[in-house]
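Student: structure for the following, please:
(one chain, ligands or ions: 1)
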Amino acid sequence: MDHEVRMEESSSEGVHKSRVCRSLPSVAFLDASISCIPGLSKRQCHQLENCGFHTLRKLLNHFPRTYADLQNAQVGIDDGQYLISVGRILSSRGVRASYSFSFLEVVVGCEVADDEPQHTIDNIDGGGKKTIYLHLKKFFRGMRFTSQPFLKILEDKHKLGDFVCVSGKVKSMSTKDHYEMREYNIDVLKDDEDSSIHLEERPYPIYPSKGGLKPSSLRNIIARAVQALAPDVDPIPKEITQDFGLLDLHDAYIRIHQPKHLEEADSARRRLIFDEFFYLQLGRLFQMLEGLGTRMEKDGLLDKYRKPELNALYMEDWSTLTKKFLKTLPYSLTSSQLSAVSEIIWDIKRPVPMNRLLQGDVGCGKTVVAFLACMEVIGSGYQAAFMVPTELLAIQHYEQLLNLLESMGEDQSKPAIALLTGSTPLKQSRMIRKALQTGDISMVIGTHSLISENVEFSALRLAVVDEQHRFGVIQRGRFNSKLCFSSLSSRMAATSSDASSKSNDYMAPHILAMSATPIPRTLALALYGDVSLTQITDLPPGRIPIETHIIEGTSKGFEDVYTMMLDELEAEGKVYLVYPVIEQSEQLPQLRAASADLEAMSDRFRGYNCGLLHGKMKSDEKDEALRRFRSGETHILLSTQVIEVGVDVPDASMMVVMNAERFGIAQLHQLRGRVGRGTRKSKCILLASTTSSLNRLKVLEKSSDGFYLANADLLLRGPGDLLGKRQSGHIPEFPIARLEIDGNILQEAHAAALKILGDSYDLDQFPALKAELSMRQPLCLLGD
Ligand SMILES: Nc1ncnc2c1ncn2[C@@H]1O[C@H](COP(=O)(O)OP(=O)(O)OP(=O)(O)O)[C@@H](O)[C@H]1O
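Tutor: Below is the predicted model of the structure:
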């Protein structure tokens, strides 16, 4: 169907008059130039284009960062809470505090509902108001920031009387109703001459600024674009939107940008997130179907996706090596480990590169699942690479695997494995690289040195990336393409004369990413890396829940903790002491430091040996420190958060975290996961040096569920970084991230894509969808 689209036509005054174009189908409307927005000046058009907003789609997909409630209806403010509030700027001053230190303080007065009972006549109906004062502070160190002109410029950035929306974490000050904000966002809603804004009762969208375009002008332009939006821009057929209870795209855009209330924005967001997932899934399936010849093959593939219970290759069909390796394990796999292995092996047997995320809470036993997947490819004559974020972890995995393989005795099929990190001596590293190139080594475990240019493989088939939220999506992509290229080039050279070599020898490697953090990484991966998910949902048997205590770091608090430590050591336990920093710092004297505490702890716990482990130590020193702790030569290990990731000492039974308030909730959960990994009852003590942080930490006493804690962490941190800096701006960030629901949207999008392709393999019945698909990101499978 054709639709009227207004196209640009410049007038001499520089304002674009619109003319009507009848040739563009309405679904293509979104890709029309922004000049079709009525009333835009030429200057505005250029400015928008310079900021990357060439099309309506780009502009409409610039979603609000958050919504302000102009009524400030929120009641009650807690210390540490993320607050969004609107009010007027009362003062702005730049202060020179010393010759090299200055600060800016902007005070915003906000009228909020008064939650305390009042007895004045005005408040007899209980609907009282009061003013709170937000002191927004920014600090500057360095002489050049103390000059009067600089401070004046700072001051003048904020105009007295401006009506602004402020968001950030609050900290109460000594005066009642005064709060400090150190990291904040401030957006001018209207200047002081315009008071009409008070009448607005709708959520007020706050846009992220882009390339010099102010949020307020973006808001006006986007409002115009929304008005110009054609009613039938939706490429997804009505049956699908109805079946899945989704908003129509036109309504979704209106509601995300101009919601009448927050629920509207939320339903719009659901639809827009659905689209992200849906086109990824549709693209992937579409491409896979294209690669298959017959109708039967295509049906077969769709069936596999429709009935995931069939997507597992049970033990009988695993390679002999995998089965042998399984036998060497000193324990049986849990049922979800077993199904994870079956699922992964099913996937790696297929001639399409796998891109899978193996996700499970700390200590659930992901490593062995990944080892089994590696054995499967090695058993079929290929190579595997296992990349981890720290050297410490690489060594640990390598030694663990060596031990397991040792139990295989002199078996001919036992694979040759190697460790390759930044600290591997040059000569040895050269030998390993050569052996990887010739295929003499079947598996390499290492750090990011595995993605360096000079590592080539003879037949890499599986790359395991233990992300543990340290590697970004980008690094994984680089790793992937690098390995893909290496394997391809070297194999081409090796087999150029061998006409019988199978074409799938040139396939990109399968990628298995592992993570203990369900969010936000999972969501990011699901959005940006077209990924399948395998979850381990149970823990190995015999684990006893870790007892967690939050203790205030007063001198009594410390004494209590030392007594508990002594009890633990006397009962032959092992203790981790975790510190926020290595060395004492003048700037932050309140922080306990690992190195500085070593002597004091050795003194206090005479008769027990203390060890030290931190990121600045050399690789072999770190390894030695961990080895001594593991073997029981040291009983107390003073360390920094280097141990957070993956360190596995199953009989470590107690952890004390100093200055626990310095760590995030998800991070503390990871740290705590270093104990309670065996069958011994374990304790985790979080020593907080500020009273105000006690409440925040209490959530760890209540729960040991990583998913729940990650969510709680997000709520406490506020929406600032839902998907990490790089991704923010792509999807709307909401004060309350409904991530568990987003996970379901992924499933629904998958089902919708299957339904569409079941009806039309080549999308010929859905031309609008096909066009949309080609407009979106390139249809490449990771690794292609
Ligand atoms: N099925 C099992 N039965 C008993 N112990 C197991 C089982 N699977 C793994 N383990 C042991 O549990 C411990 C934790 O396993 P692993 O290091 O793989 O956890 P993880 O999921 O990688 O955790 P993290 O996210 O903390 O790195 C290890 O000591 C491992 O040997």
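Student: do I have it right that residue 649 meets residue 627?
Tutor: No: counting by Cβ atoms under 8 Å, residue 649 stays clear of residue 627, with 10.0 Å between them. Every residue, glycine included, has its C-beta placed from N, CA and C.
Student: out of those two, which sits in the more crowded spot?
Tutor: Taking residue 649 and residue 627 together and counting by other Cβ atoms under 10 Å, residue 649 has the greater number of neighbours (20 against 16).
Student: A strand includes that one, no?
Tutor: No: Residue 649: not assigned to a strand; according to DSSP: H, G, I helix; E, B strand; the rest coil it is coil.
Student: so what's the residue count around the nearest residue to it once chain neighbours are set aside?
Tutor: Once flanking residues are discounted, residue 649 sits nearest to residue 630: 5.1 Å by Cβ to Cβ, 6 or more residues apart in numbering. Burial of residue 630 is recorded as 19 neighbouring residues (other Cβ under 10 Å).
Student: wait, residue 630 touches residue 643, no?
Tutor: No: in this structure residue 630 lies outside contact range of residue 643 using Cβ under 8 Å: 11.8 Å.
Student: show me the contacts for the residue in the stretch 451-600 of the chain positioned nearest to the ligand.
Tutor: Closest to the ligand within the stretch 451-600 of the chain is residue 540: 3.3 Å, counting by Cβ to the nearest ligand atom. The neighbours of residue 540, taking Cβ atoms under 8 Å, 6 or more residues apart in numbering as the test, are 331, 334, 364-365.
Student: and the nearest residue to residue 210 once chain neighbours are set aside, how far from the ligand?
Tutor: Leaving aside its chain neighbours, residue 210 sits nearest to residue 51 (4.9 Å; criterion: Cβ to Cβ, 6+ apart). In this view, residue 51 and the ligand are 41 Å apart by Cβ to the nearest ligand atom, to the nearest Å.
Student: over to residue 403?
Tutor: In this view, residue 403 and the ligand are 10 Å apart by Cβ to the nearest ligand atom.
Student: count the residues that sit near residue 107.
Tutor: Residue 107 is flanked by 19 other residues according to other Cβ under 10 Å.
Student: and residue 548, that's in a helix?
Tutor: No: Residue 548 is assigned strand when assessed by three-state DSSP, not a helix.
Student: got a list of what it touches?
Tutor: 672, 683-686, 700-701, 704.
Student: and the residues you listed, which is closest to residue 255?
Tutor: Distance to residue 255, by Cβ to Cβ, is smallest for residue 700 among the contacts of residue 548, at 37.0 Å.
Student: on that earlier part again, shouldn't the residue of the stretch 451-600 of the chain closest to the ligand be within a helix?
Tutor: No: assigned with three-state DSSP, residue 540 falls outside any helix and is coil.
Student: so that it lines up with my notes, have the first residue be 7 from now on.
Tutor: Got it, the first residue is 7 from now on, which makes the last one we talked about residue 546.
Student: write out the residues of the stretch 557-706 of the chain neighbouring the ligand.
Tutor: The stretch 557-706 of the chain has residues 652, 654, 656, 679, 683 near the ligand, with proximity defined as Cβ under 6 Å from any ligand atom.
Student: quick check: chain neighbours aside, which residue is closest to the fourth one?
Tutor: In this case it means residue 679. In space, residue 679 is closest to residue 368, 2.8 Å off (Cβ to Cβ, 6+ apart).
Student: nearest residue to residue 452 in space, please, no chain neighbours.
Tutor: If the residues on either side of it in the chain are set aside, residue 452 comes closest to residue 426, at 3.9 Å by Cβ to Cβ, 6+ apart.
Student: and the pLDDT for that neighbour?
Tutor: At residue 426, the model reports a pLDDT of 95.
Student: so what's it up against?
Tutor: By Cβ under 8 Å, 6+ apart, residue 426 lies in contact with 435, 438-439, 450-452, 455-456, 461.
Student: kindly recompute the last result at 6 Å.
Tutor: Residue 426 makes contacts with 438, 450, 452, 455, as judged by Cβ atoms under 6 Å, 6 or more residues apart in numbering.
Student: now residue 665
Tutor: Contact analysis of residue 665 by Cβ under 6 Å, 6+ apart lists 586, 597-598, 695.
Student: hmm, which of those residues is lowest in pLDDT?
Tutor: residue 597 (82).
Student: how much distance is there from the helix or strand harbouring residue 102 to the middle of the chain?
Tutor: Here residue 102 is covered by strand 88-104, with elements defined by DSSP states H and E. Distance of strand 88-104 from the chain centroid (Cα atoms, centre = their mean, to the nearest Å) equals 31 Å.
Student: what's the answer for stretch 326-339, then?
Tutor: For stretch 326-339 - counting by Cα atoms, centre = their mean - the centre lies 33 Å from the chain centre.
Student: please apply the same query to stretch 657-670.
Tutor: 23 Å.
Student: list the buried residues in that stretch.
Tutor: Buried residues in stretch 657-670, counting neighbours by 16 or more other Cβ atoms under 10 Å, are found at 658-669.
Student: out of those residues, which is nearest to residue 384?
Tutor: Among these, residue 658 lies closest to residue 384 (Cβ to Cβ), at 31.5 Å.
Student: relative to residue 428, how far out is the one residue in the stretch 607-756 of the chain that gets nearest to the ligand?
Tutor: Here the residue of the stretch 607-756 of the chain nearest the ligand is residue 652; by Cβ to the nearest ligand atom that distance is 3.7 Å. Residue 652 sits at a distance of 17 Å from residue 428 (criterion: Cβ to Cβ, to the nearest Å).
Student: residue ranges with poor pLDDT in the stretch 357-506 of the chain?
Tutor: 473-506 (pLDDT under 70).
Student: how about the residues of this structure by the ligand?
Tutor: Counting by Cβ under 6 Å from any ligand atom, the chain sits next to the ligand at 337, 339-340, 343, 366, 368-374, 522, 546, 652, 654, 656, 679, 683.
Student: so how do I select the buried members of those residues in PyMOL?
Tutor: In PyMOL syntax, the buried subset of the residues of the chain next to the ligand is picked out as below (16+ other Cβ under 10 Å):
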select buried, resi 339+340+343+366+368+369+370+371+372+373+374+522+546+652+654+679+683
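Student: before we move on, back to that, pipe the residues of the stretch 557-706 of the chain next to the ligand into CSV and attach pLDDT per row.
Tutor: Shown next, in CSV, are those (pLDDT from 0 to 100):
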residue, pLDDT
652, 76
654, 87
656, 88
679, 90
683, 86
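Student: how about those, which pair is most distant?
Tutor: 652 and 656 (12.9 Å).
Student: and for residue 238, the neighbour number?
Tutor: The number of residues packed near residue 238 is 16, by other Cβ under 10 Å.
Student: any idea of the pLDDT on it?
Tutor: If you check residue 238, the pLDDT there is 85.
Student: name the SS class of it, please.
Tutor: Following three-state DSSP, we place residue 238 in the coil state.
Student: what do you get for the one 4 residues further on?
Tutor: Secondary structure, three-state DSSP: residue 242 is coil.
Student: stretch 539-556: end-to-end distance?
Tutor: With Cα to Cα, to the nearest Å applied, stretch 539-556 spans 34 Å between its terminal residues.
Student: avg pLDDT for it?
Tutor: The average pLDDT within stretch 539-556 is 86.
Student: list the buried residues of it.
Tutor: For stretch 539-556, burial by neighbour count (16+ other Cβ under 10 Å) applies to 539-542, 545-546, 549, 552, 554-556.
Student: residues contacting residue 344?
Tutor: Residue 344 touches nothing, counting by Cβ under 6 Å, 6+ apart.
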